[in-house]
Each structure stands twice: as C-alpha cells, then as structure tokens.
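Undergrad: Here is a sequence with its predicted model. Questions after.
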Amino acid sequence: MNPIVPELLDGPGPLLLVPDAVLLPEGPADGFGVVVADGAFRAVGPVDRLRHAHPHLDGTRLPGHLLMPGFVDAHHHLTQSFGSALAFGEPSEIFRRVWVPLEGALDEESAYVAAKLAAYEALRGGFTTVADAGTRAGVDVDVVASAARDAGIRCVLGLVCDDADQGEHATGVRSVPDRAERHLARYAGDPLVHPSLAVSVPEAATDSTLAHVARLAAEAGATVQIHVNEHLASVERSLLRHGLRPLEHLHRVGALGPHLLAAHATMLTPRELTLLADTGTAVSYNPVASAWKGNAVAPALAMAERGIRFGLGTDGTRGDGFRLAEAAEFAQRIAYGLASGDSSCGAGWTWLEHAARGSADAVGLRARTGTVAEGLAADFLLVDVTNPELALSWDLPWELVRRGNRDQITAVFVGGRMRLWRGRPTSWDGPALVRRAAELARTAVSKAAITRVHHTSVAARGRSAAR
C-alpha cells in the first residue's frame, strides 16, 4: 500500500492535502491545496497560504495527482444492477419486460446486495453521489438507504409515488402523500441519504398526486424525479390520454419547477425547452441510455445555451464518470454537432461542469457537493495524471473528458473519508460482495418473468452463422 494511505485513513482530519493541482470550476489550479476537516472542505487555496494559516498541519503531498470533485450521477436505478446486461440490444421501454419483473423478484437481501453492488460500481467510476429514482422491489426503501450508507456513497433516495392504477378518487390514494411526507421526514439530517420523491412516468400518477408530491418536495427543499419525454411511445400515450405531451401535462397540473428533476427529456419541442427554462426545472441528460435503448438524444447543448439546469446520469448503464462525460460530448457531436459544423460541442469543460456541479444542482445538492469549495462536503477524487493518457497534457479538462477513465482514479473520498483506494473499498470486502451478488442474481433472474426481444450475442451469432 502506498505510504500516503495510512495518513489519509486516520479519520475525519484535519488534513492538508497538497496535490499537483486542484480542479476548480474555472480550471485546474496549480499549486493549490485543500484543508479537510469534519467531512468538509475548510479551506481551498494556494498551498503557501494554507500552510501559513494552518501551521499545525504537516500536509500530505500527493505528487502526480489532480484533486477534483467527485462525479454526481443524476439518474440511477440501484436495485436494477442484477440485470444490466439483459438490456443489451433491446428496443426502448424495456421497463415493463425487464425491470419491473426483475425488481419484483428481489427480497430484502437481494435488494440490499443489488443496491450496494451498484453503489460499489459507481464509486469505482468516481461517482460520490447517486440519485436513485426509486425501486419497485417490494421492500422498505430503507434497504436501499442502508446499502448506500454501508457502501459509503451519497444518495438522493427516491420513493415511488405512483397511484394511477388506484383511480383518482380511490380510498387508497391518500396513502401516497402520507408515505411521501414520512419519507421526507425519515432522512432529514442524514449525512449521506437525502430524501426525494419519484413518479415512474407522468401517467403513473393521478393529477392530484403529481401536484401534491411536487408541492411537498418544493416545501421540503427536495426533488421529484420523473421520467419525462423519454420514448416516442410515452409521448403518444400522453397525447392520447391528456391531449398534451408529458412535459406539457406536468406543467398543466403545476408540477414543473426547481424541485422537479425530469429524467431523460430526449424528445422536446421548442415550447417544452421554453417551459423548462421559464420554470427552472432540471433535467437528467443520460447519453449512454440514449445510445443503448433510446429513441433520441436530449438537446443538452441547446439546454446549456438556454440556461436550463441539467446534470448527467447513467440510468444504471455503466458506472464510469469519465466515460459518461465522454458520452455526453460524443452524443451531442453525433446528433447535433456534425450537422451544424460545431466541432467543439461544449469545449470539454461543459461536460465536466455538468457531471459534477451541474448534476449536484439538478439533484438538489448544489449547496452540499459538486465543487471543491470551502464549506462544501469533501466529496472528491484523486486522479493519477502521470499515466500515458494524461501525462502530456495540453488541455487537461478536455483530456479528462476524452481520455479519462476510472482506472486513473487512485482514491475516492465521500464526506471527507476515503471510501475506495485503487478500486477497492477501504472498510469492507468488495470482492465478497461481488461473489454474493453473482449468486443472488442467478436466483432473482430465474424467478423473474423477464421477456427479451433479442437473443444473447452468442445465440445471435449462431443464428447468423446458420443463415
């Protein structure tokens, strides 16, 4: 183990960390350091100034490393990790055929292990925060909260508030707002778990519930997570049912606003972009999900130009923050930049910004995390910049977007505590968790009534060869 590790593991600090550079919003700052104490950044600035202000701290040198904010995953489904590869090659709207039956087959242990496995993968990819859009597993949502805490990741934890199947005036409808209020109160003050409300898609909740949970979230300073305008089928269902597109329908019932996190939002009209901008509604731009199972790519560059709040989300596809930032830029270039001759497509920094600070803002945590700044939680990465991909740097932010990878992350810190060192947890057994997850996943998938359209890649190759 590297000799710097015992020093970093000593506890909550205070620590004076002296990397080669610190990544600030305006770019890498050479000769800067940070003071970490009680889980937060207590000071950020030139090393000489920090040494003068904190003479009792020896300082831990981190040669060859960049200290940067941890990534924030603005859209995840933690209890779906057992079935990630089941979505490969499948057409859109797989939630009915894959995710609902899979999550329905989870018991308390398998839901916990699935969520912790997803959290482990996220940490390995440099995510220090994940926004979970709510589980359909028939377990107490605190199972997911416990998994996140035990893994050591910050989690915006959604509670699903769907009730449309009960009818607008059914006697059980009242229980949804009650459960929502209890959920928001349950995690108030939790250091790692931040409560959120969720609705699967607008048509999954009655109009009164959409309005009510939006109001509850706004009053509590929390978010409501809703999949919006993701697929053509969902847009058409809304038009048939309400005469309005999903985002327009949410606006009609009064659900738009700074409290709303609209997941995906890939199919937007100019009017809907205006609605997002005018109401302060946030979006989770999920570029890998668009490539793997979507109908379209969210117009993230247009959102940036219009001042629309947005973050980057994985949708549970793969937990690598650098590859997510690359996908965000790549998808914009393919979908919009090539046709318009825009060879910059956000100039690199846009995607780093929205993978960290922008995502933190979108999930309601801008005052807590997403930036290396005094007073914010010490959620950060130590990135090795001596590797062949990054050592000959001419433009580090661009290179982090296009050439960064999770194997360059030496350490991951959440709340000032080291959670991972070179991809392995520092306080629990990661390989043991993976082994247990493999056992439980086989059982869960065999029990679930999963329907796939396409064969596995091996079977598909065999059929192709036979033809």
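TA: Sure thing, it's come through.
Undergrad: Check Leu102 and give its pLDDT.
TA: Residue-level confidence at Leu102 comes out at 87, pLDDT.
Undergrad: State the distance from it to Arg215.
TA: Computed as Cβ to Cβ, to the nearest Å, the Leu102 to Arg215 distance reads 32 Å. For glycine as for every other residue, the C-beta is placed from the backbone atoms N, C-alpha and C.
Undergrad: more crowded one of those two?
TA: Set Leu102 next to Arg215 and count neighbours by other Cβ atoms under 10 Å: Leu102 wins out with 26 against 16.
Undergrad: Mind listing residues that contact the helix or strand hosting the more buried one?
TA: If you go by DSSP states H and E, Leu102 is part of helix 100-104. With Cβ atoms under 8 Å, 6 or more residues apart in numbering as the test, helix 100-104 has contacts from 79-80, 82-83, 86, 111, 135-138, 444-445, 448-451.
Undergrad: do that again at 6 Å, thanks
TA: Contact partners of helix 100-104, identified using Cβ atoms under 6 Å, 6 or more residues apart in numbering, comprise 79, 83, 135-137, 448-450.
Undergrad: Neighbours of Leu312, how many?
TA: 29.
Undergrad: Tell me how far it lies from Thr135.
TA: 22 Å.
Undergrad: give the contact list for the residue nearest to Ala145 when sequence neighbours are not counted.
TA: Closest residue to Ala145 in three dimensions, ignoring its sequence neighbours and counting by Cβ to Cβ, 6 or more residues apart in numbering: Val193, at 4.7 Å. Val193 makes contact with 145, 155, 157, 187, according to Cβ under 6 Å, 6+ apart.
Undergrad: Which of the helices or strands spans the first one?
TA: Taking DSSP H and E as the definition, Ala145 sits inside helix 142-151.
Undergrad: give me phi/psi at the residue nearest to Ala145?
TA: With angles defined as degrees, to the nearest 10, Val193 sits at phi -110, psi 130.
Undergrad: next one: Asn387
TA: Per degrees, to the nearest 10, the backbone of Asn387 is at phi -80, psi 170.
Undergrad: Just the pLDDT at it, thanks.
TA: So Asn387 comes in at 95 (pLDDT).
Undergrad: For it, which non-adjacent residue is closest in space?
TA: Gln408 (5.6 Å).
Undergrad: Wait, the one you found touches Leu381, no?
TA: No - with contact defined as Cβ atoms under 6 Å, Gln408 does not reach Leu381; the gap is 9.3 Å.
Undergrad: and these two? which has more neighbours close in?
TA: Leu381 (26 against 21).
Undergrad: who are the neighbours in contact with the residue lying closest to Ala360 once chain neighbours are set aside?
TA: Counting by Cβ to Cβ, 6+ apart, Gly370 is the residue found nearest to Ala360 once chain neighbours are left out, at 2.7 Å. Residues near Gly370 by Cβ under 6 Å, 6+ apart: 69, 72, 356-357, 360.
Undergrad: Let me have those residues in TSV, extended by secondary structure and pLDDT.
TA: Below are the contacts of Gly370 laid out as TSV (DSSP: H, G, I helix; E, B strand; the rest coil; pLDDT from 0 to 100):
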residue	secondary structure	pLDDT
Pro69	strand	98
Val72	strand	98
Ala356	coil	98
Arg357	helix	98
Ala360	helix	98
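Undergrad: thinking again about what came up before, now do the buried residues in the helix holding Leu102.
TA: Within helix 100-104, the residues that count as buried by 16 or more other Cβ atoms under 10 Å are 100-103.
Undergrad: Give me the neighbour count for Phe127.
TA: By other Cβ under 10 Å, 30 other residues sit near Phe127.
Undergrad: and if you look at Leu23?
TA: So Leu23, with other Cβ under 10 Å, has 24 neighbours.
Undergrad: so which helix or strand takes in the closest residue to it other than its chain neighbours?
TA: In space, and not counting its chain neighbours, Leu23 is closest to Met68: 3.7 Å by Cβ to Cβ, 6+ apart. Assigned by DSSP H and E, Met68 belongs to strand 60-69.
Undergrad: Tell me which residues are up against that strand.
TA: 4, 7, 17-19, 21-23, 356, 370-372, 380-383, 385-386.
Undergrad: Is it possible to mark the buried ones in those?
TA: Buried among the contacts of strand 60-69 (16+ other Cβ under 10 Å): 4, 17-19, 21-23, 356, 370-372, 380-383, 385.
Undergrad: what's the farthest-apart pair in these?
TA: In the buried ones among the contacts of strand 60-69, two members sit farther apart than any others by Cβ to Cβ. They are Ile4 and Gly370, at 25.3 Å.
Undergrad: Good, wrapping up.
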